[in-house]
Structure formats: C-alpha cells, structure tokens
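Peer 1: coordinates only, no sequence provided:
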C-alpha cells in the first residue's frame, strides 16, 4: 500500500515541523478564516 | 521507533523548499482532476438546459472520483505525483474545520448528540462483532483488533493510530487498511443507491453515511453523492465517531500492554490528547464563531466555498489513490472478514438511523 505509506510519511514530516497533520490542517483553516474575517479574502467563488 | 525516524531540525528546515516542490505535481493533479469533475457537472447541466433535455445530474463528487479511479487503474500514478496526492487527508481535515461555518452550534449539539448515542451503540457492536468474526476466520489477534478498530471508528487514521499503540507490524496494518479502503470504495457507490431506494431524508442518510462508512474521506464523499445537506450531516456524524478514537485506541493499548507484559501507559490524559483528532476542535471553534455571528453572510459564503474547494481536492484524492490491483494483492481473508462485518454494520446502522429518524429530522 504505497499510497498509505505516503500518507504516513506526510503525517510524520508534518509532525517534525512541530505540529501533527491535524494541527497543520486546523492552522491553515484558521488562517484562512482570519483572512476572510479581516476582509483580505473578499469573496471565494465556487 | 520515533528516534530512528528523527531528522535534525536544521537538516529538515534546509529541505522545506525542496519538499514543498515535491508536493506540487500531486497537488496540481488533485486540482486538475477535481476541477475537471466540476467542469463536467456544469457542462452537462448547461448542455441539458440549452437543448431542453433532462440529463441526469451527475455531481462533481462522482466525476472527480471516477476520473481519479480511471487514471489510477489505467495509466497509474507516477512516483513524482505520490507525495502531493498523499495530502488529500490534509485537505479533508482543513475542509471539515471550514465546514463548521455552515453549522449553528445548536444543530451541532442536537445532531451531534443523536450521532454520539448512535456512535456508542455502533462502536460497541462493531468491536464485539469484528473480534468474533476475526477469530472465526482464523486471523491473527492483532490483525483482528486492527480491523475491529478500523471498522468501528474511523478507518485508516484509527488503524495507523492503533498500529503503534498495540505494536502491530506493517503487514498487518496494511491488510487492515486495504480491507477498509476496498469496502469504502464499494460503499461510495452502494450507499447513495440504497438511500435513494429507501427514500431517506438528507439528515437520516447523512447520519447513516457518517456511521456506516469507515474512512472519513469516503464517508464525506458518500454523503455528498446523495446531496449537499447529506454531505454536511455525514461529516458531522463522522466527526462524532472520530472523536472516540483516543478512547478506543487507549483501551486496546492497555489491553495489549497487559497481554505482552509491557509497561503500562503512564499518562493516559496525554495519550488521549495525542490521539484526539484536533480538527474536531477546529470544527467546533468555527461553528461557535458562526453561531455568535462573527461572520457576515458574504464571509460565511466564502468560508463554505473554501471548504468545498478543500473537499474537491479530497474527492479527487479518493479516486486517485484507489488502485484495485494493489488492493487485490492483499489477500482474500481480511477482505472477507471486513466485507461480512461491514455488511452487518451497515445494516445495523441503517436500522438504528431509521429507528431514530423522528429525533433527527
């Protein structure tokens, strides 16, 4: 299952930067939320 | 184990740029596949309207998964694309946090409360049933436990978390992951069909998908394939299930530590925190902020759309990482145990959801 080992590798690399994969995902989402709230990201189309 | 993997911080930081570049091809492929799915959905919709035809509305979710499946199982995925593709779980978790903006905390508590009750029943029955089934099929005790954990809580993440905790080997966790992923792929296409055939409401179906499909990415996709609202509810139910991961893995870790005479886990609270999926907290935080009206309607729409873009990459990843021939190589017995177990769990959760449907409308 090479794809699973890739996912595990990404997770362990993320952890080495001080946060788990979960932590980085939460951090990104919160930064994006802050940018939207501050008005730096005006409108995201879909 | 951890020390053998450790890399000095300076060496790692020096490689950050290189490592980010390594992610690019896979990220671009995820985006290209996801965007093509979205484009095809719109194209068919416009074509139908322009020519006054009633064409089936095939959602971008299904297109993205199908295109990914075709690429992965025909031309294959070159090695250069794999690191970027493996980020699909990262986008899934970021998308779930952002999805919090589409829930008022009251709904989270109501639906989450019902889901948590159903989750408790589902986890107990799944663990007992999968353990008995593993024994009946003569699987090793650790593989049996990994399958039980994977099918009762949250698929691949739970198996990876449990692998270290119960000291299972790579091969056993590979078998368990393969079984869970194969069955997730089957559930992706069968759950929406059953939901429509039974005339389930968006909420009931969403809870069923969140409880019955093991891996978070597949549960999210199975929900979104039914409807947008069902996708939202599926994520909420699945998140309630994911929140249990620490407790179940801790239970198994203690059981195996005693069985193998290893020293017990000294700090159980720290262990629980380490295994707890942090995106659940992020989801609740954003939902709380939306509830107290921190965001205006335009901002809420932007956050919801950011969540959709993150899920778009996830759905593309679900298709691209599913390689049928690789899954087939993992052997029949773990798959059979998983299949029988999943069938029973899907049936049980369906009965639970239909039984409690008057509380969750």
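Peer 2: Sure, I can see it. Computed from a prediction, not measured in an experiment: that's the story for all the values here.
Peer 1: so where's the stretch 251-361 of chain B uncertain?
Peer 2: B:261-264, B:327, B:330-331, B:358-361 (pLDDT under 70).
Peer 1: so which bits of it are right by chain A?
Peer 2: When proximity is defined by CB under 8 Å from any CB of the partner chain, the stretch 251-361 of chain B lies next to chain A at B:277-279, B:281-282, B:285-286, B:289, B:294-295, B:298-299, B:301-303, B:305-306, B:308-309, B:321, B:323, B:326, B:330. C-beta: built from backbone N, CA, C; applies to glycine.
Peer 1: please redo it, this time with the cut-off set to 6 Å
Peer 2: By CB under 6 Å from any CB of the partner chain, the residues of the stretch 251-361 of chain B that approach chain A are B:277-279, B:282, B:299, B:302-303, B:305-306, B:308, B:321.
Peer 1: which element follows the helix or strand of chain A at the bottom of the mean pLDDT ranking toward the C-terminus?
Peer 2: The weakest-scoring helix or strand in chain A, judged by mean pLDDT, DSSP states H and E, is helix A:2-16 (a mean of 56). Once helix A:2-16 ends, the next helix or strand along the chain (criterion: DSSP states H and E) is helix A:21-38.
Peer 1: contacts for that following helix, please.
Peer 2: Where contact means CB atoms under 6 Å, 6 or more residues apart in numbering or on different chains, the residues beyond helix A:21-38 that reach it are A:11, A:14, A:41, B:90, B:93-94, B:97-98, B:277-279, B:282, B:299, B:302-303, B:306.
Peer 1: want to throw the residues of the stretch 251-361 of chain B next to chain A into CSV with distance to residue B:350 and secondary structure?
Peer 2: Formatted as CSV, those follow (distance: CB to CB, whole Å; DSSP: H, G, I helix; E, B strand; the rest coil):
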residue, distance to residue B:350, secondary structure
B:277, 25, coil
B:278, 31, helix
B:279, 27, helix
B:282, 30, helix
B:299, 38, helix
B:302, 36, helix
B:303, 32, helix
B:305, 32, helix
B:306, 33, helix
B:308, 28, helix
B:321, 27, coil
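Peer 1: farthest-separated two in these?
Peer 2: B:299 and B:321 (33.1 Å; CB to CB).
Peer 1: the more surrounded of the two?
Peer 2: residue B:321 (25 against 21; other CB atoms under 10 Å in any protein chain shown).
Peer 1: circling back to that earlier point, what is the nearest of the residues of the stretch 251-361 of chain B next to chain A to residue B:62?
Peer 2: Lowest distance from residue B:62 to those (CB to CB) belongs to residue B:308, with 15.0 Å.
Peer 1: and for the spatially closest residue to residue B:323 that is not a sequence neighbour, the neighbour number?
Peer 2: Nearest residue to residue B:323 in three dimensions, chain neighbours excluded: residue B:72, at 5.2 Å (CB to CB, 6 or more residues apart in numbering or on different chains). Around residue B:72 there are 21 other residues, counting by other CB under 10 Å.
Peer 1: quickly find the element holding residue B:72.
Peer 2: Residue-wise, residue B:72 maps onto helix B:60-73 under DSSP H and E.
Peer 1: also residue B:217?
Peer 2: helix B:216-226.
Peer 1: ok, now how distant is residue B:208 from residue B:234?
Peer 2: As judged by CB to CB, to the nearest Å, residue B:208 and residue B:234 stand 8 Å apart.
Peer 1: for residue B:284, that is, sorry about that
Peer 2: Relative to residue B:234, and taking CB to CB, residue B:284 is found at 17 Å.
Peer 1: so for these two, which residue has more residues nearby?
Peer 2: Ranked by neighbour count (other CB under 10 Å), residue B:284 and residue B:234 place residue B:234 first, with 32 against 19.
Peer 1: pretty sure the more buried one contacts residue B:212?
Peer 2: No: Residue B:234 is not in contact with residue B:212 according to CB atoms under 6 Å; the separation is 9.6 Å.
Peer 1: number of nearby residues for the closest residue to residue A:46 other than its chain neighbours?
Peer 2: Closest residue in space to residue A:46, ignoring its immediate chain neighbours: residue B:305 at 4.2 Å, by CB to CB, 6+ apart. For residue B:305, the count of nearby residues is 16 (other CB under 10 Å).
Peer 1: my read: residue B:305 touches residue A:44, true?
Peer 2: Yes: between residue B:305 and residue A:44 there is a contact under CB under 6 Å: 4.1 Å.
Peer 1: which residues do these two both contact?
Peer 2: With CB under 6 Å, 6+ apart applied, the contact sets of residue B:305 and residue A:44 do not overlap.
Peer 1: SS state for residue B:139?
Peer 2: For residue B:139, the assignment made with DSSP: H, G, I helix; E, B strand; the rest coil gives coil.
Peer 1: distance check, it against chain A.
Peer 2: Applying CB to the nearest CB, to the nearest Å, the value for residue B:139 to chain A is 18 Å.
Peer 1: quick check: phi and psi on that residue?
Peer 2: Residue B:139 adopts backbone torsions of phi -80, psi 160, taken as degrees, to the nearest 10.
Peer 1: other SSEs contacting the helix or strand hosting residue B:343?
Peer 2: In this structure, residue B:343 sits in helix B:333-355 according to DSSP H and E. Helices and strands touching helix B:333-355, by 3 or more CB pairs under 6 Å, 6 or more residues apart in numbering or on different chains; DSSP states H and E, are helix B:105-136, helix B:141-152, helix B:170-197, helix B:202-212.
Peer 1: cool, thanks, talk later.
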